[in-house]
Structures are given as C-alpha cells and as structure tokens.
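Colleague: sequence plus the predicted model coming up.
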Amino acid sequence: MKRPAIFMDRDGTINEQMGYINHLSRFVLLPGVQNAIRLLNENDFLAIIVSNQSGVARGYFPMDLVTSVHDYLRKSLEKRGARIDGIFFCPHYPAGPLPEYCHDCDCRKPKTGLIDQAREAFDIDMEGSYMVGDRHTDLEFAERSGLKGILVKTGYGLGEIEFILPESPLKPVYIAEDLLDAVRWILSRKKRNGE
Ligand SMILES: [Mg+2]
Ligand SMILES: [Zn+2]
C-alpha cells in the first residue's frame, strides 16, 4: 500500500542552521519539530529526511559523526513519541581531499538520487508527497522530483524568500513559518481536498 511522504531537509529545517554540523554540540532541534513529526506519524505520512552533508567529502568531519547526529536525532524524537521513518543523505562533493567521497554523484541535492534511494526503501505515493526545506535548492529538488515544494522561514529561509525567490521561476505551494506550520498546512489541505 503506497503512502505519501513528507521529505524534509535537515539543517535549517529540523535543526538550527549553524553552518556545518561538525560536532554533536552544534545539533540543536528547532522548536515544534517533535510535534511536527508526531503529527506526520499519526496521519500516516512517511517522515523522511533528505540532506546534503558534503562536510564528509571535504574532510571536515567523519561519516561516524553523521551517524551519531542521526542517532541522537532519532532518540530525541522518540522520547517525545515521534518517529523518523528514513534518513537519506549525500556525503559527496565533486572536489575535495577524500577520493572515496569526491565525485560527481547523483545524490547531491538538487539532484534526485536521494529520492530514488527513498523509493527503493518505501512504497511512496509521490502524488500526495511534499518536500519541505529552507533553501531554494530544496525547491529545485522538489521540482525535479515531481514533489510539491514548501519553503520554511527558519534556517536560510527568510533570506532565500526575500532575495532568491523573486528571481526564480519556481514557486513554493506554501511558505511556512517553520516545519510544524508546514505540516499543519499539509494536513489541513489534505482534509479540505477530502483526500
Ligand atoms: Mg537546509
Ligand atoms: Zn551524493
């Protein structure tokens, strides 16, 4: 049975934008995220994170750190009854010091490899799915993946909305205060449309 998914960017959408999250101490959940994810769980949406973590390829932090951050994220959410269904990330970068991670991959957003990975793991109703992020590249990623895009004002959001969005042919279906607002909007829209 296909289920719709909410694909979420990580830095600036789930946690505070602090440049590279190169230490666990820099990973700070944004307000309302636990509630947002719990609402998705209760309404039978898959909650999936899609994130670029090129700091690995750049040699700024090891792959292990990304794993620790994601373990911590899952545990923090579980304490509040919220569950992330999947986390897919791109550790690559075209040029950098670590040959194993430095190539022109197909999974660095806005390329759509992370969506392909998610669709291999889950049976996803793409029609009913959304992408939520704080960067214009997240909108571009949504467009290329056939997802409806939502921008949040957290992270780089305010600046992207003010300076990048007006010049772009891409338009989000909604501009949200934060992830919780985005999720509430999606759920009310679904109810209105009687989906
Ligand atoms: Mg971001
Ligand atoms: Zn990649």
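Modeller: Noted; the coordinates are in hand. Predicted model only: the values in this text are computed from it and were never measured. Ligands and ions are numbered 1, 2, ... in the order given.

Colleague: can I get the CA coordinates of stretch 107-126 in CSV?
Modeller: Output of stretch 107-126 as CSV, limited to C-alpha atoms (Å, rounded to 0.1, in the frame of the first residue of the first chain):
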residue,chain,number,x,y,z
CYS,A,107,22.5,12.2,-4.9
ARG,A,108,23.7,15.7,-4.0
LYS,A,109,20.5,17.9,-3.9
PRO,A,110,19.1,19.3,-6.1
LYS,A,111,20.0,16.1,-8.0
THR,A,112,17.3,13.5,-7.2
GLY,A,113,19.3,10.3,-6.2
LEU,A,114,18.1,10.6,-2.6
ILE,A,115,14.5,10.3,-3.7
ASP,A,116,15.5,7.2,-5.7
GLN,A,117,17.0,5.7,-2.6
ALA,A,118,13.9,6.5,-0.6
ARG,A,119,11.6,5.0,-3.2
GLU,A,120,13.7,1.8,-3.1
ALA,A,121,13.1,1.6,0.6
PHE,A,122,9.5,2.6,0.8
ASP,A,123,6.4,2.3,-1.4
ILE,A,124,5.7,6.1,-1.8
ASP,A,125,2.7,7.8,-3.2
MET,A,126,4.6,10.6,-4.9
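
Colleague: please pull out the lowest mean pLDDT helix or strand from the protein.
Modeller: Taking mean pLDDT, DSSP states H and E as the measure, the chain has helix 179-192 as its least confident helix or strand, at a mean of 95.

Colleague: do any residues in stretch 50-63 lie close to ligand 2?
Modeller: No. Figure legend: stretch 50-63 not in contact with ligand 2 (CB under 5 Å from the ion); closest approach 7.8 Å. Glycine gets a C-beta too; all of them are placed from N, C-alpha and C.

Colleague: please identify the buried residues of the longest helix belonging to the chain?
Modeller: In the chain, with assignment by DSSP state H, the single longest helix is helix 63-79. The neighbour-count check on helix 63-79 (16 or more other CB atoms under 10 Å) flags Leu65, Val66, Val69, His70, Leu73, Leu77 as buried.

Colleague: now stretch 172-181
Modeller: Buried-residue list, stretch 172-181, by 16+ other CB under 10 Å: Pro172, Tyr174, Ile175, Ala176, Asp178, Leu179, Leu180, Asp181.

Colleague: out of the residues you listed, which is nearest to Gly194?
Modeller: Ranked by distance to Gly194 (CB to CB), the buried residues of stretch 172-181 are led by Tyr174 at 18.8 Å.

Colleague: who's in contact with the closest one?
Modeller: Ile150, Leu151, Ala182, Trp185 (CB atoms under 8 Å, 6 or more residues apart in numbering).
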